[in-house]
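In: Build the 3D model from these lines:
(4 chains)
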There are 2 protein chains.
Amino acid sequence: MTTAASERILDRLRSDGGRITTVRRAVVTALVEADDHHVTAEALATSVQARHPDVHRSTIYRTLDSLADVGVVDHVHLGHGGAVYHLTEDAHQHLVCTDCGTVVQVPGELFHDLAEQVCDAYGFEIDPRHFAMLGRCAHCAGHAAATI
Amino acid sequence: MTTAASERILDRLRSDGGRITTVRRAVVTALVEADDHHVTAEALATSVQARHPDVHRSTIYRTLDSLADVGVVDHVHLGHGGAVYHLTEDAHQHLVCTDCGTVVQVPGELFHDLAEQVCDAYGFEIDPRHFAMLGRCAHCAGHAAATI
DNA sequence: ATAATTGCAAAGTCTTTGCAGTTTG
DNA sequence: CAAACTGCAAAGACTTTGCAATTAT
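Out: Numbers count the residues shown, from 1 in each chain, chains lettered A, B, ... in the order given. Got it, this is the predicted structure:
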């Protein structure tokens, strides 16, 4: 199925006049297999280079860029340092604990009310996913029962 | 009163064993005067160097770091590229339009409900201010009737 | 005096770019 | 074949760091 998913993604490139190359196939495969794992460019490079040692990092970035142009890949900043890349299929939000670094994924719908309020009041249409939200996870905040 | 504000801030450094130097005074002044303007490190450097040409950028960063340690300064990432620094006094959230770059400030309270929901469900205590939220501003989203 | 701060130059991290050669459709 | 993609090396933006000299307390 990862194959089917990969092909679907590659098709987006193809239908945009893009060309399907070994490298692109490898990057997409790595993304599909790593999905929900939020891959850094570095991890992606390592993963791709395991099978295609000569692939240069700039090519990884360029491929990610092309995939982003076509709308199938996006990146998120979880904190300082590198971004993580992921398929756009799953729209979730990231919460990153500033104490222990844990990343919690929460459904995007949680932001629906907020987005509506902000839209009503400011006309601003929030798409909160590009950046993580920082804070403290249940453990570090000492929430045994997880209630405020 | 910017002087009073500056002194209050410098006191935080002092009471932490820090020393008050010309440079630190200049940085704090620039921050106070630029408050609500969200200064980049570069702008801060330029501003400080107007009066003290020999101040090195690394010193600006180190001063910001010290001020952050003491809790009076924080920085926010509005998008790719540099962060903006601001005094911690005003707790607001930044919305950045991905189309035109406009930065909208909204009161932190808007996030109260969301924070509560997330806390209830995940025990995670959100502090959303470190990153901006991206989206499209009223103008770019075509909200003619939006209350601005 | 002595511990903190500074300037400088250099390095570090993450990402982009120019170019010439290679490959895809 | 023409356009798109690739590797390489180099640069770019932003920030951090080691060190010796300076300065605040």
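
In: which secondary structure element contains the most centrally placed residue in chain A?
Out: Among the residues of chain A, the one closest to the centroid is residue A:86, at 2.8 Å (CA atoms, centre = their mean). With elements delineated by DSSP states H and E, residue A:86 resides in strand A:83-87, which encompasses its position.

In: I'd guessed residue A:23 sits against residue A:49; true?
Out: No - between residue A:23 and residue A:49 there is no contact under CB atoms under 8 Å: 10.3 Å. C-beta coordinates here come from the backbone N, C-alpha and C atoms, glycine included.

In: Check the contact lists of these two and give me the overlap.
Out: Overlap between the neighbourhoods of residue A:23 and residue A:49 consists of residue A:55, taking contacts as CB atoms under 8 Å, 6 or more residues apart in numbering or on different chains.

In: what is the rounded mean pLDDT of stretch A:127-145?
Out: Across stretch A:127-145, pLDDT averages out at 85.

In: Next, the buried residues of it.
Out: A:128-138, A:140-141, A:143 (16 or more other CB atoms under 10 Å in any protein chain shown).

In: Next, see if it gets close to DNA strand D.
Out: No - residues of stretch A:127-145 are not located near DNA strand D by CB under 7 Å from any atom of the strand, the shortest gap being 14.3 Å.

In: And the helices in chain A?
Out: A:2-14, A:22-33, A:41-51, A:57-69, A:112-122, A:138-141 (DSSP state H).

In: how close does the residue nearest to residue A:78 when sequence neighbours are not counted sit to DNA strand D?
Out: With CB to CB, 6 or more residues apart in numbering or on different chains as the measure, residue A:132 is the residue that lies nearest to residue A:78, at 4.6 Å, once sequence neighbours are left out. For residue A:132, the distance to DNA strand D (CB to the nearest atom of the strand, to the nearest Å) stands at 17 Å.

In: where does residue A:132 fall, phi/psi-wise?
Out: The phi/psi pair for residue A:132 (degrees, to the nearest 10) reads phi -70, psi 160.

In: now, which of the buried residues of stretch A:127-145 sits nearest residue A:97?
Out: Among the buried residues of stretch A:127-145, residue A:137 lies closest to residue A:97 (CB to CB), at 3.8 Å.

In: number of nearby residues for the nearest residue to that closest one once chain neighbours are set aside?
Out: Distance criterion CB to CB, 6+ apart; nearest residue to residue A:137, sequence neighbours excluded, is residue A:97 at 3.8 Å. Residue A:97 sits with 20 neighbouring residues when counted by other CB atoms under 10 Å in any protein chain shown.

In: same deal with residue A:12?
Out: For residue A:12, the tally of surrounding residues (other CB under 10 Å) stands at 17.

In: wouldn't it be in contact with residue A:72 here?
Out: Yes - using CB under 8 Å, residue A:12 makes contact with residue A:72 at a distance of 5.2 Å.

In: Could I get the contacting residues of residue A:128?
Out: A:93, A:108, A:111, A:114, A:115, B:133, B:134, B:135 are the contacts of residue A:128 under CB under 8 Å, 6+ apart.

In: let's see 10 Å
Out: Contact criterion CB atoms under 10 Å, 6 or more residues apart in numbering or on different chains gives A:91, A:93-94, A:108, A:110-111, A:114-115, A:118, B:95, B:114, B:128, B:131-135 as the residues in contact with residue A:128.

In: anything in stretch A:19-30 sitting right up against DNA strand D?
Out: Yes - between stretch A:19-30 and DNA strand D, judged by CB under 7 Å from any atom of the strand, the touching residues are A:19, A:21, A:22, A:23, A:24.

In: buried residues in stretch A:2-11?
Out: Of the residues in stretch A:2-11, those buried under the neighbour-count criterion (16+ other CB under 10 Å) are A:5, A:6, A:9, A:10.
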